[in-house]
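Peer 1: Pasted the sequence and its predicted model underneath.
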Amino acid sequence: MKGLFLNKNHFIFIVGIILLQSCVGQQTPHLIDAEMETVVTEKLSYYLYYPENYETEPEKKFPILLFLHGGGDSGDSLGAIKRSGPPKMIVEGKKFPFLILAPQNPYQKKWWNTRAVNQLLDSIVATNRIDKKRIYLTGLSRGGGAAWEMAVQYPSKFAALAVVCGMTPVPYAAWIDKKMPIWVFHGEKDKSVPFTESETMVNRLQAIGYDVKFTKYPDVGHESWVKAYQTEELYEWFMQQQRLN
């Protein structure tokens, strides 16, 4: 009987070990190596403005301004982007000395696909007489935030940047090309994108040696773009900028 008792203990012990190993085997994490090539496409509608002397001076290369609208003009109605910024001024009869590319963000509640915008810009530059050293960038509100993002992602592309009441990537300020002039506009009473967004970014950039102009509107809320884009000096400032490399 004693031997039988020991055998039962051995049996119980062995079964316990097997069950424990089984549980441990089921709970052990594992890591695999894998790879997948992804393809993302975006359909962007856009307006492209040509200055009046584009056709009469066939040997000349022209600057181009990329304009990114705010969130309220997003969607599938291209005409919406004529409600603000340079497109609105063109409708009202304003003549600009450079081409203007104004794409539309197709999503009402999504961020700009800046990679898609960059591909569109590259295509327009490649198929028109564009001076690649004079590509300018501007945006307002959500488009202003996207303009900051593009300046971070493509630091060697733009000759100048103007942002109006845009959300800012302060942690990545140093990634922006230090040689690129920047002009920031913001209303101090902005309740949609706080004034401190631009103020903090400008202070950060200036502290590390960037060339930044800052226009503050004390009694203006979110629609600071109305005054900003009516500033004639802004377009003269753009035309003075050129990349050196």
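Peer 2: Nice, thanks for sending it over.

Peer 1: Now do the SS call for the residue positioned nearest the centre of the chain.
Peer 2: In the chain, the residue lying closest to the centroid (Cα atoms, centre = their mean) is Ala146, at 2.4 Å. Judged by DSSP: H, G, I helix; E, B strand; the rest coil, the three-state class of Ala146 is helix.

Peer 1: next structured bit after the helix or strand of the chain with the lowest mean pLDDT?
Peer 2: Sorted by mean pLDDT, DSSP states H and E, the helices and strands of the chain end with helix 2-27, the least confident at a mean of 51. Using DSSP states H and E, the helix or strand that follows helix 2-27 in sequence is strand 46-49.

Peer 1: Which positions within that next one qualify as buried?
Peer 2: 46-47, 49 (16 or more other Cβ atoms under 10 Å). Yep, even glycine has a C-beta here, placed from its N, CA and C like the rest.

Peer 1: Same question for stretch 60-68.
Peer 2: Those would be 62-68, for stretch 60-68 by 16+ other Cβ under 10 Å.

Peer 1: What of stretch 39-52?
Peer 2: 46-47, 49, 51.

Peer 1: cool, stretch 77-89 as well?
Peer 2: Neighbour count says stretch 77-89 has 78, 81-82, 84-89 buried, by 16+ other Cβ under 10 Å.

Peer 1: where exactly do the strands run in this protein?
Peer 2: Remark: strands assigned in the chain by DSSP state E are 46-49, 62-68, 99-103, 130-140, 160-164, 182-187, 212-217.

Peer 1: ok, so of the buried residues of stretch 39-52, who is nearest Ala102?
Peer 2: Tyr47 (4.5 Å; Cβ to Cβ).

Peer 1: Now do the contacts for the closest one.
Peer 2: The neighbours of Tyr47, taking Cβ atoms under 8 Å, 6 or more residues apart in numbering as the test, are 78, 81-82, 87, 100-102.

Peer 1: can we see that at 10 Å?
Peer 2: By Cβ atoms under 10 Å, 6 or more residues apart in numbering, the residues touching Tyr47 are 67, 78-79, 81-82, 86-87, 90, 100-104.
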